[in-house]
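A.B. asks: Based on what follows, work out the 3D shape:
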Amino acid sequence: MNARAGQAAQPRARRRRVRIALWLGLGTIALAALLWLALQLALPSARVAPALLARIGASMDLEISARGDPASRLGALPTFVVRDLVVRQPGAARPLLQARRLLVALPWRTLRGLGEPLELARVELDAPRLDLAALQQWLAARPPGEGRLPTLTGGLHVDGGQVDGADWRIESLRLSLPRLQPDAPLRAQAAGRYVGAALHAPFALAATLQRPASGRGFAVAGAVAPGGEEWRLGAWVTLSGALHWDDGLRLLPARFGARGRFVTATDAVPFTLGVHGPLRQHASAWSLLPAQLVLRGDGLVPSLDARGHAALGRQLLLELDGSIQRWPDAWPALPPPLGQSRAPLALVIGYRGAPDLSSPLSLRAVREDLRFDGRLDVPALLAWSRAAPRDSLLPPLQGRVQARRIEVSGAQLHGVIVEFDDASPDSGDAVR
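C.D. replies: Numbers count the residues shown, from 1 in each chain. So this is what the prediction gives:
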C-alpha cells in the first residue's frame, strides 16, 4: 500500500513542479511586459527626447530644439528620431545647424544620465545645413582638450547636406564617419559639389585626422573636378597639415599636391602641381602666404619653381617669383643665341582676376640679355598654340622684348627692342 502511494505521489510532484515553472515563466513575461509598459509611460519620447537634446546641448554650450512629435524605440539601444532640428549657440542670431531629420541611437547609460557622459552610438542627419561662420564662432569659444565633442561609437551619416560659407557653399553633401573619439584617429568619406561665384567643383574625398582633440595629422585625398563655363580641370589631389580652428580655419603648414589635366574645347594639358605654405581661411577667401610652388607638365606646361603668395575668393590673386629651367618645346622657338642658351629663364608672374585665368596675366621674363615685360591672355595663347594653321606667326602678347643681340635669318641685330601689341578687340578690352 505504501509503495503504491509513493508511486502515485511522483506524478503529482512532477505536475506541481511543471505548474510552478509555468507560473514563474508567465510571471517573468508579465513582469517584463509591465516593466516595458512602465518605461513607455515613464519615458515618453515627447518628454525624453527634448530633455535629452537639452542636456546634450547644455553640455556643449548649445541650444538644441526640434519641432513636431518625436518618435522613439526602446530596446537594447534606445533610438530617437526628431524633425526640423535647429542648433544654435546661446544668443546667436543665426543657427549653427539645421536638419530636416535627426536620428540618435545611444546607450542606456547616456539615457539614464540624460547626456552625462555624452556618448552616442549612431547619428543620422537628413538635409542638414551648416553655417560655417557660426560653427567657427562656437568652436573658438569651446575649451581646449577633451569634452569639446561627443563620443560617437557607431558612426555618423549625412545625406543631402549643405555647408554655407561667406559667398560659397558645398551642396549635395554625403558624409560618412565610422567613429568619433577624442583619443582615436578620425576617418571620414565625403562627396558633394563646391559652388562659388565663378567656380564649381564636384569632389569625392577621404579624410583622416589623427588627433581630433588637437587637430594634428590632418590629411585629405581624392578626386576633384573644378570647372567654369569653358574649361574643366580634373585632378587627383592630396592635402595635409596641422588643422586649427581658433580664429578661422588654418592649415599650418599646408602641403598640397595635384595631378591631372586642364581641359578646354580644344585642349587637354596634363600637369603636376605641388604647393607648400600656411593656408588660412578668411571671411570670403583662402590665402597662402608665403607659398612655394613646383609645376611640371608636358607640352605647354613649363617646369616652374616659384615663391610668392596666392589668394582665392571671388577672384584669384597670384604673385610669384621663380624660374623655368627649360624652354618648353611647344612654345615658339627663341632666335639664337637666346634659344641656344641653357640658362634658366627668370619669371615674375602677377595675376588678379577670374579663377579660370581668363583675365590678363602680367609677366616679366629675364634670360641673360633677354628681357620681356608685358601681359598675355592665357586662353588666347592656348588657342593660338593649337591652331592649325595659325592665323599669326606671333603669339597673342602685349609688351616689350629687349635683347642685346639676336640673329634673324643669319643677320645679327644689336640693341633690339620689339614691341608686341595684340590688337584683337577681346584682348584689347581685357588689357584696358
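A.B. asks: Return the list of helices and strands in contact with the host helix or strand of residue 125.
C.D. replies: Per DSSP states H and E, residue 125 falls inside strand 122-126. When contacts are defined as 3 or more CB pairs under 8 Å, 6 or more residues apart in numbering; DSSP states H and E, strand 122-126 packs onto strand 97-105, strand 156-164. The way it works is simple: take the backbone N, C-alpha and C, and place the C-beta from them, glycine included.
A.B. asks: Which of the ones you listed has the lowest mean pLDDT?
C.D. replies: With a mean of 91, strand 97-105 has the lowest mean pLDDT of these.
A.B. asks: circling back to that earlier point, export the helices and strands packed on strand 122-126 as a markdown table, with columns for distance to residue 221.
C.D. replies: Formatted as a markdown table, the helices and strands packed on strand 122-126 follow (distance: least, CB to CB, whole Å):
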| stretch | distance to residue 221 |
| --- | --- |
| strand 97-105 | 27 |
| strand 156-164 | 20 |
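A.B. asks: The residue nearest to residue 96 when sequence neighbours are not counted: neighbouring residues, count only.
C.D. replies: Leaving aside its sequence neighbours, residue 96 sits nearest to residue 134 (CB to CB, 6 or more residues apart in numbering; 4.3 Å). A total of 19 residues lie near residue 134 under the criterion other CB atoms under 10 Å.
A.B. asks: so residue 134, which of the three states?
C.D. replies: helix (DSSP: H, G, I helix; E, B strand; the rest coil).
A.B. asks: Touching, it and residue 94? I think so.
C.D. replies: Yes - Residue 134 lies in contact with residue 94 (CB atoms under 8 Å); the separation is 5.3 Å.
A.B. asks: so what's in contact with those two at the same time?
C.D. replies: Jointly contacting residue 134 and residue 94 under the rule CB atoms under 8 Å, 6 or more residues apart in numbering are residue 88.
A.B. asks: what angle separates the strand holding residue 125 from strand 156-164?
C.D. replies: 40 degrees (axes from the mean of the first three to the mean of the last three CA atoms, to 10 degrees).
A.B. asks: so for the helix or strand following strand 122-126, what's the average pLDDT?
C.D. replies: As assigned by DSSP H and E, the chain's next helix or strand after strand 122-126 is strand 129-131. Across strand 129-131, pLDDT averages out at 93.
A.B. asks: So what touches strand 129-131?
C.D. replies: So strand 129-131 is in contact with 94, 95, 96, 97, 98, 99, 161, 162, 163, 164, going by CB under 8 Å, 6+ apart.
A.B. asks: quick revisit: okay if I get the helices and strands packed on strand 122-126 as TSV plus mean neighbour count and distance to residue 329?
C.D. replies: Converted to TSV, the helices and strands packed on strand 122-126 look like this (neighbours: other CB atoms under 10 Å; distance: least, CB to CB, whole Å):
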stretch	mean neighbour count	distance to residue 329
strand 97-105	19	54
strand 156-164	18	44
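A.B. asks: Among those strands, which comes closest to residue 228?
C.D. replies: Closest to residue 228 of these is strand 156-164 (CB to CB; 21.3 Å).
A.B. asks: what packs against the closest one?
C.D. replies: Packing contacts for strand 156-164, counted by 3+ CB pairs under 8 Å, 6+ apart, involve strand 122-126, strand 129-131, strand 169-177.
A.B. asks: Relative to it, what are the paired strands and their orientations?
C.D. replies: Strands adjacent to strand 156-164 in the sheet, as given by DSSP bridges, are strand 122-126 (parallel), strand 129-131 (parallel), strand 169-177 (antiparallel).
A.B. asks: I'd like these as JSON lines, with mean neighbour count and distance to residue 152 appended.
C.D. replies: Formatted as JSON lines, the strands paired with strand 156-164 follow (neighbours: other CB under 10 Å; distance: least, CB to CB, whole Å):
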{"stretch": "strand 122-126", "mean neighbour count": "19", "distance to residue 152": "6"}
{"stretch": "strand 129-131", "mean neighbour count": "21", "distance to residue 152": "17"}
{"stretch": "strand 169-177", "mean neighbour count": "17", "distance to residue 152": "7"}
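A.B. asks: Nearest approach to residue 78 belongs to which of these?
C.D. replies: Among those, the nearest to residue 78 by CB to CB is strand 122-126 (11.4 Å).
A.B. asks: Could I get the average pLDDT for the closest one?
C.D. replies: The average pLDDT for strand 122-126 rounds to 93.
A.B. asks: for that strand, the distance to its chain's centre please.
C.D. replies: Centroid separation for strand 122-126 versus its chain: 20 Å, with CA atoms, centre = their mean, to the nearest Å.
A.B. asks: follow-up on the earlier one: now render the strands paired with strand 156-164 as TSV, adding distance to residue 315.
C.D. replies: Shown next, in TSV, are those (distance: least, CB to CB, whole Å):
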stretch	distance to residue 315
strand 122-126	34
strand 129-131	24
strand 169-177	18
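A.B. asks: Would you tell me which of those gets closest to residue 223?
C.D. replies: Short answer: strand 169-177, nearest of the strands paired with strand 156-164 by CB to CB, at 14.2 Å.
A.B. asks: and that closest one, how far out from the chain's middle?
C.D. replies: 9 Å.
A.B. asks: quick one: contacts of that strand?
C.D. replies: Strand 169-177 has contacts (CB under 8 Å, 6+ apart) with 152, 155-163, 186-195.
A.B. asks: burial count for the nearest residue to residue 181 once chain neighbours are set aside?
C.D. replies: Spatial nearest neighbour of residue 181, excluding adjacent residues (CB to CB, 6+ apart): residue 151 at 5.3 Å. Applying other CB under 10 Å, we find 18 residues neighbouring residue 151.
A.B. asks: Residue 151: what's it in contact with?
C.D. replies: Residue 151 neighbours (CB under 8 Å, 6+ apart): 117, 118, 119, 120, 180, 181, 182.
A.B. asks: Put together CSV for those, with secondary structure, distance to residue 206 and neighbour count on each row.
C.D. replies: Putting the contacts of residue 151 into CSV (DSSP: H, G, I helix; E, B strand; the rest coil; distance: CB to CB, whole Å; neighbours: other CB atoms under 10 Å) gives the following:
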residue, secondary structure, distance to residue 206, neighbour count
117, coil, 30, 12
118, coil, 27, 17
119, strand, 26, 16
120, strand, 23, 20
180, strand, 16, 20
181, coil, 19, 16
182, coil, 21, 16
